[in-house]
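*Asks:* Sequence first, then the predicted structure:
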Amino acid sequence: MTAPALAASVALLAFAACCACYGRAVMLLRSGTRFFLAWYAIAALLALAAALALTGTWRAVPAPARWAFLAAVAAGAVALAAAACCSLRHFRDRAPSGVAWVVVLGAQLLDDGPSVALRMRLDATADYLRDNPGTRCVVSGGQGPNEPTTEARGMAAYLVERRGVDPARIVEEPASTSTVENLRFSASLGAFDPTRDRVAVLTSDFHLFRSLRIARRLGYRRVCGIAAPSTRWYLPNNLLRESMSILKDAALGRL
C-alpha cells in the first residue's frame, strides 16, 4: 500500500469516528428527530471507503467508474454546501418595526413543554410583540405522534403563561405538519391577507431561508423574516438536514 493511500484511509476512519460520535451525541441529547441516523450512515460510508482503500479494492475498479463516482460525490457536496450558504445568509434577519402579523412556525413539543428550539422561537416572538404592541401572531403547528397536544396549543400556553402575552393577540393554527402547511394553513385562517398585510415569518435561523422562499411561492407578497437563535451544538445537524430539505424542495418546485 502506498503512503498516500494509507494516509487517506486513516483520515477517512478518523472522520467516520467523528461522525459516529456526533450522531450519538445528538441522539442522547434528544434533538426531536431521528436525523442523527444520517450521521451513522455517513460514518458507515466513510468506513467502507477506508476499507476499500486499505484492501486495494478501490484501485481495482476501472478508472472511468472511479472518476464518475468521485464526480457525483463532489457534485452532491457542492450542492449541499451551496444550500447551507443560502441558510447562513439569513441567520441575522430582523423584521422592521410594526409588521401586522408574525407567523411563528412550530417545532417539537415535549411532555414538559416546548423543546429548546421551540422555546427560542417563542422567546423571540414574545420580545417582538413586547416591542410592537400593535402586532399579533399566529402560532402554527399540529400534533405529532410523540407530542402531548398540538404545537399551536403548547406555543400559545407558553406565550401567555411564561411570557405574559395577551391571549387576544394570539391565533392558533393547529393542523399543519410541515413548513408548507404551516404557511398555507396560517394564511387560510383569514386573520390576515398575505397579499396585502405586512407579515413576518419567525423560525429558527437555519430554517428561515427555506421558509421565506416557500412563503413567497404561496403568495405572501409583503413578507420578511425574524431569525430566532438556535443551539450551536446542533448546528452541523440542523444545517445538513436543512440543506437536504432545500435541495428536495427545489427539486419538487416548492421554492
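*Replies:* Happy to help now that I have it. Residues are numbered from 1 along each chain as shown.
*Asks:* going forward, measure contacts and count neighbours with C-alpha atoms only.
*Replies:* OK.
*Asks:* Using the three-state scheme, assign R30.
*Replies:* Each residue gets one of three states, and R30 gets coil by DSSP: H, G, I helix; E, B strand; the rest coil.
*Asks:* what's the burial count for it?
*Replies:* The burial metric for R30, expressed as a neighbour count using other CA atoms under 10 Å, is 11.
*Asks:* Roughly how far does it sit from F206?
*Replies:* Going from R30 to F206 by CA to CA, to the nearest Å gives 18 Å.
*Asks:* again with A77
*Replies:* According to CA to CA, A77 stands 18 Å off from F206.
*Asks:* Between these two, which is the more surrounded one?
*Replies:* Regarding A77 and F206, a neighbour count based on other CA under 10 Å identifies F206 as having more, with 27 against 12.
*Asks:* Help me confirm that the more buried one comes into contact with S87.
*Replies:* Yes. Between F206 and S87 there is a contact under CA atoms under 8 Å: 5.4 Å.
*Asks:* Between these two, which contacts overlap?
*Replies:* Residues touching both F206 and S87 comprise L239, with contact defined as CA atoms under 8 Å, 6 or more residues apart in numbering.
*Asks:* where along the protein do the helices fall?
*Replies:* Across the chain, reading from the start of the chain, the helices by DSSP state H fall at 3-28, 36-55, 57-60, 63-88, 116-131, 151-161, 179-188, 208-217, 235-251.
*Asks:* Just the CA atoms of the third one, as CSV, please.
*Replies:* The reference is to helix 57-60. The C-alpha coordinates for helix 57-60 follow below in CSV (Å, rounded to 0.1, in the frame of the first residue of the first chain):
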residue,chain,number,x,y,z
THR,A,57,-10.3,-2.9,-3.9
TRP,A,58,-10.7,0.8,-4.9
ARG,A,59,-7.7,0.6,-7.3
ALA,A,60,-9.2,-2.5,-8.9
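*Asks:* what comes into contact with it?
*Replies:* The set of residues external to helix 57-60 that reach it, using CA under 8 Å, 6+ apart, is 52-53, 66.
*Asks:* give me that answer again for 10 Å
*Replies:* Judged by CA atoms under 10 Å, 6 or more residues apart in numbering, the contacts made with helix 57-60 from elsewhere in the structure are 5, 49-53, 66.
*Asks:* out of the residues you listed, who has the most neighbours?
*Replies:* The residue in the contacts of helix 57-60 with the most neighbours, by other CA under 10 Å, is A50 (24 neighbours).
*Asks:* low-confidence ranges in this protein?
*Replies:* Scanning the chain with the threshold set as pLDDT under 70 gives 1-2, 4-5, 31-32.
*Asks:* now with 50?
*Replies:* Regions of the chain meeting the criterion pLDDT under 50 are absent.
*Asks:* Give the burial count for A3, as a bare number.
*Replies:* 8.
*Asks:* of all the helices of the chain, which lies closest to V103?
*Replies:* Among those, helix 179-188 comes nearest to V103, with 7.3 Å by CA to CA.
*Asks:* now that closest one: how far from the chain's centre is it?
*Replies:* Average the C-alpha atoms of helix 179-188, do the same for its chain, and the two points are 16 Å apart (CA atoms, centre = their mean, to the nearest Å).
*Asks:* Buried residues, that helix. List them.
*Replies:* Across helix 179-188, burial judged by 16 or more other CA atoms under 10 Å covers 179-187.
*Asks:* any idea of the angle it forms with helix 208-217?
*Replies:* Between helix 179-188 and helix 208-217, the angle comes out at 50 degrees (axes from the mean of the first three to the mean of the last three CA atoms, to 10 degrees).
*Asks:* Give me the contacts around helix 179-188.
*Replies:* Applying CA under 10 Å, 6+ apart, the external contacts of helix 179-188 come out as 103-106, 138-142, 171-176, 178, 192-195, 201, 207, 210-212, 214-220, 249, 254.
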